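Chemist: sequence isn't available, so here's the structure alone:
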Ligand SMILES: *Cc1c(COP(=O)(O)O)cnc(C)c1O
């Protein structure tokens, strides 16, 4: 069968290996397997979310409230934005896809960092748009600006902080770039600020904090993306959101499929947003545990990228090979992310619980 020719240029997204697959392949006990490959919350989710899901289970037969007003109004309050300035997606992933469909065509150019979230490129290629990447792997906003001037892209993706590397550009620099882009494109270039890990970055360093309300007050051509999958521990519920001025939100709404978020997911996200204690606990533990990985890397002379997220990336050098290391860990039931497919010899480890990290560090100790 012949398919859309754009498919020939698309590599299938490789998600972190599921625990079930590792159990089957290596004959391990499910309890022995730890998954630190997809930046999920190792502390689970808020206990009140679990209660809420149970309490709402009987609603499964009915379609969800497609206006999603309960969640939108909570996000509205949380961020101090207008009601029409928010759209919900099945993960912020879905909002990325909507942005591409709303703005890009086959002749578009899409600008992003040398190494960044893989879905930007995958969705760009669905449209057949041309992807432009900065020469630097990490975000270098000078390069972004030069390439913007040269190519006049329809969309610029800034991942703040960046996945899978973990670095984070400062809010001030982002605003400076945005001012140039808005002015020089006459507001025509859409800038996507992916804030999937913003809660982590803001906690560690307030100079990295991007406030969506302030952002859209200043710029008409920007959309901020947030997700419940990371700090809120709802990866399995698939809820994300976009915050932008009404004009952008309305365009995305036209493309949204009805009932794209489940009733239980909407209810869970509403409750998750209110549990500040759970979030604070996650943030505090995350950075305390991250310190252990940094100390390990320092003691072994391994390069790591200072991280503003819930993962840390080790950049390896000969004779160490990320594929070999990931494979060896996998056999012991430890799933981490091999970044070889991004063209670098590096591994990305989601920061786990204290016990999980102890196991990972012990295993790494034997390898390097
Ligand atoms: C995890 C992640 C997302 C979105 O995750 P969803 O589960 O689809 O909400 C978006 N951007 C980045 C950079 C991420 O790491």
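Modeler: Noted; the coordinates are in hand. Because the structure is predicted, anything quoted here is derived from the model rather than measured. Numbers count the residues shown, from 1 in each chain.

Chemist: can you list the domains in this protein?
Modeler: Segmentation of the chain into domains, based on automatic domain parsing, reads 5-44+277-367, 47-274.

Chemist: how about those domains in JSON lines, adding distance to the ligand, mean neighbour count and mean pLDDT?
Modeler: Just so you know, the C-beta spots here come from the backbone N, C-alpha and C atoms, and that holds for glycine as well. Putting the domains of the chain into JSON lines (distance: least, CB to the nearest ligand atom, whole Å; neighbours: other CB atoms under 10 Å; pLDDT from 0 to 100) gives the following:
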{"stretch": "domain 5-44+277-367", "distance to the ligand": "6", "mean neighbour count": "17", "mean pLDDT": "94"}
{"stretch": "domain 47-274", "distance to the ligand": "2", "mean neighbour count": "19", "mean pLDDT": "97"}
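
Chemist: tell me where the stretch 1-150 of the chain has strands.
Modeler: Using DSSP state E, counting those that start in this stretch, the strands found in the stretch 1-150 of the chain span residues 34-35, 86-89, 109-112, 130-133.

Chemist: tell me what the shortest one is packed against?
Modeler: In this structure, strand 34-35 packs against strand 334-335, helix 354-367, with contacts taken as 3 or more CB pairs under 8 Å, 6 or more residues apart in numbering; DSSP states H and E.

Chemist: of these, which is nearest residue 79?
Modeler: helix 354-367 (32.3 Å; CB to CB).

Chemist: can you give me how far the closest one is from the chain middle?
Modeler: Mean C-alpha position of helix 354-367 versus that of the full chain (CA atoms, centre = their mean, to the nearest Å) differs by 25 Å.

Chemist: what helices or strands is it leaning on?
Modeler: strand 34-35, helix 276-300, helix 322-331, strand 334-335.

Chemist: one step back: mind putting the helices and strands packed on strand 34-35 into a markdown table with distance to residue 70?
Modeler: What follows is the helices and strands packed on strand 34-35, written out as a markdown table (distance: least, CB to CB, whole Å):
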| stretch | distance to residue 70 |
| --- | --- |
| strand 334-335 | 35 |
| helix 354-367 | 34 |
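
Chemist: closest one to residue 68 among those?
Modeler: Checking the helices and strands packed on strand 34-35 against residue 68 by CB to CB gives strand 334-335 as the closest, at 33.2 Å.

Chemist: following the closest one, which helix or strand shows up next?
Modeler: Counting by DSSP states H and E, the next helix or strand C-terminal to strand 334-335 is strand 337-338.

Chemist: can you give me the helices in the stretch 101-250 of the chain?
Modeler: For the stretch 101-250 of the chain, applying DSSP state H, counting those that start in this stretch gives helices covering 118-127, 141-151, 171-184, 198-204, 212-218, 246-255.

Chemist: so can I have TSV of those helices showing distance to residue 357?
Modeler: Converted to TSV, the helices of the stretch 101-250 of the chain look like this (distance: least, CB to CB, whole Å):
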stretch	distance to residue 357
helix 118-127	25
helix 141-151	33
helix 171-184	30
helix 198-204	16
helix 212-218	32
helix 246-255	39
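
Chemist: right, and those - which one's nearest residue 157?
Modeler: Proximity to residue 157 (CB to CB) singles out helix 118-127 among the helices of the stretch 101-250 of the chain, at 4.6 Å.

Chemist: which residues touch the closest residue to residue 205 other than its chain neighbours?
Modeler: Residue nearest to residue 205 in three dimensions, not counting chain neighbours: residue 308, with 6.8 Å by CB to CB, 6 or more residues apart in numbering. The contact partners of residue 308, by CB atoms under 8 Å, 6 or more residues apart in numbering, come to 161, 166, 167, 168, 197, 200, 201, 204, 205, 208.

Chemist: what's the closest of the helices and strands packed on strand 34-35 to residue 279?
Modeler: Closest approach to residue 279 among these (CB to CB): helix 354-367, 18.5 Å.

Chemist: give me the contact list for the closest one.
Modeler: In contact with helix 354-367 (CB under 8 Å, 6+ apart) are residues 34, 36, 42, 285, 289, 292-293, 296, 320, 325, 328-329, 332, 334, 336, 349, 351-352.

Chemist: now do it against helix 276-300: the angle between them, please.
Modeler: Helix 354-367 and helix 276-300 are oriented at 10 degrees to each other (axes from the mean of the first three to the mean of the last three CA atoms, to 10 degrees).

Chemist: mind listing what the closest residue in space to residue 113 that isn't next to it in sequence touches?
Modeler: Among residues not flanking residue 113 along the chain, residue 139 sits closest, at 4.8 Å (CB to CB, 6+ apart). For residue 139, the contacting residues are 113, 116, 158, 159, 160, 162, 167, 169, by CB under 8 Å, 6+ apart.

Chemist: quote the end-to-end distance of stretch 235-249.
Modeler: Distance between the two ends of stretch 235-249: 23 Å, counting by CA to CA, to the nearest Å.

Chemist: and it, how far out from the chain middle?
Modeler: On the basis of CA atoms, centre = their mean, stretch 235-249 sits 13 Å off its chain's mean C-alpha point.

Chemist: just the contacts of residue 308: which are in strands?
Modeler: Among the contacts of residue 308, no residue falls in strands (DSSP state E).
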